[in-house]
Structure formats: C-alpha cells, structure tokens
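K.L.:
Requesting a structural model of the entry that follows:
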Amino acid sequence: MTASVAPTDPEDRRIWMGVLARARPERLAELMPAEPDENPVILRQPEIGTVMVQGRIGASGGPFNLGEMTVTRCTLRLQSGVVGHAHVQGRSKDHARRAALVDALMQTDRAAQLRRDVLEPLAQEEADRRRARAEKAAATKVEFFTLVRGEDR
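P.N.:
As a prediction, the model looks like this:
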C-alpha cells in the first residue's frame, strides 16, 4: 500500500488533471493499460452529463453562454484513502475512470513514476497537436497591404 503524499502545489494538480482531461482516451489506455494493485473503490460511478460552456467576447469582454458540452465524471478512492476525481470531455466512461485513478495515484509516492510514464508523454503529445494546429492556421494567414495610388500623393 502506498502512503498519501499531498501535492506540493494546488496548481500542479490542476495542471495534471487538465492534461488527463484533454488526453485522447485510447492513448491514456496505452500508457496505463492495467489497473494497479490498489483495487480502488468507486465512490461515483462514471456518469455522463452536460456542462454549460462560457465564452468571452474578444477573449476579454463579458462572458456569455456558448452552449453545452458532454462530459463524463468519476470519483474513486484507493485503499490508502486517497481520493481521485476526473471530468473528461465526451462519453468515455473508461477514460473518466482511468483519469480519476491517475489523479489518485499522483497523490501517492507513485507520482514521480506516473509523471514520467503517463503525464509527460500526454503533455508532449498535446503540445505537438497544438503546434501543428497553429502552423496549419499560420499557413492560411493572409497579409493585406495598400499600394500608394497616384491621387493620394
């Protein structure tokens, strides 16, 4: 059994939960194929629901309701008493359960190994996807310019 280790910084937990939530379900399953020996107790079965997504006008203006998004949530507890939570986009119950398990295990002495074997590859793949999307968008950028016409002199 592993001893509970509190995260050093709440921001650190927010970051790893975000990486898990945005991860592709099949990739998370590849990186963490088998459930470890902790034999977690499911506190909240993976359940599907919706949340309201808000946007901001011009990214800094007043918020407005953009629409609803499907999410799946799950909560579990390890035998050591550590609780893990997950909210993931979409309808994948397995993804939510695995993400909650990783969240719980990241609060134990297995954190360094999970960070190296699961979170860092997922974060790198997310960064690569974002970079590829930005490069694709940059390739379509159009530069407009105005030539000086004779009557404007």
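K.L.:
can we go C-alpha only for contacts and neighbour counts from here?
P.N.:
Noted.
K.L.:
got a pLDDT number for Ala137?
P.N.:
Each residue has a pLDDT score; the one for Ala137 is 88.
K.L.:
try Ala6
P.N.:
Confidence for Ala6, expressed as pLDDT, is 49.
K.L.:
what does the top helix by length along the chain rub up against?
P.N.:
Ranked by residue count under DSSP state H, the longest helix found in the chain is helix 120-139. Where contact means Cα atoms under 8 Å, 6 or more residues apart in numbering, the residues beyond helix 120-139 that reach it are 19-20, 22-23, 27-28.
K.L.:
Could you do stretch 54-74 as well?
P.N.:
Among residues not part of stretch 54-74, those counted as contacts by Cα under 8 Å, 6+ apart are 42-53, 85-93, 96-97, 100.
K.L.:
For Phe64, grab phi and psi.
P.N.:
phi -140, psi 150 (degrees, to the nearest 10).
K.L.:
Which strand residues bridge Cys74?
P.N.:
Here Cys74 shows beta-bridge partners Ala86, assigned using DSSP bridges.
K.L.:
would you turn the contacts of helix 120-139 into a markdown table with distance to Thr70?
P.N.:
As requested, these are exported to a markdown table (distance: Cα to Cα, whole Å):
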| residue | distance to Thr70 |
| --- | --- |
| Val19 | 18 |
| Leu20 | 16 |
| Arg22 | 13 |
| Ala23 | 15 |
| Arg27 | 20 |
| Leu28 | 19 |
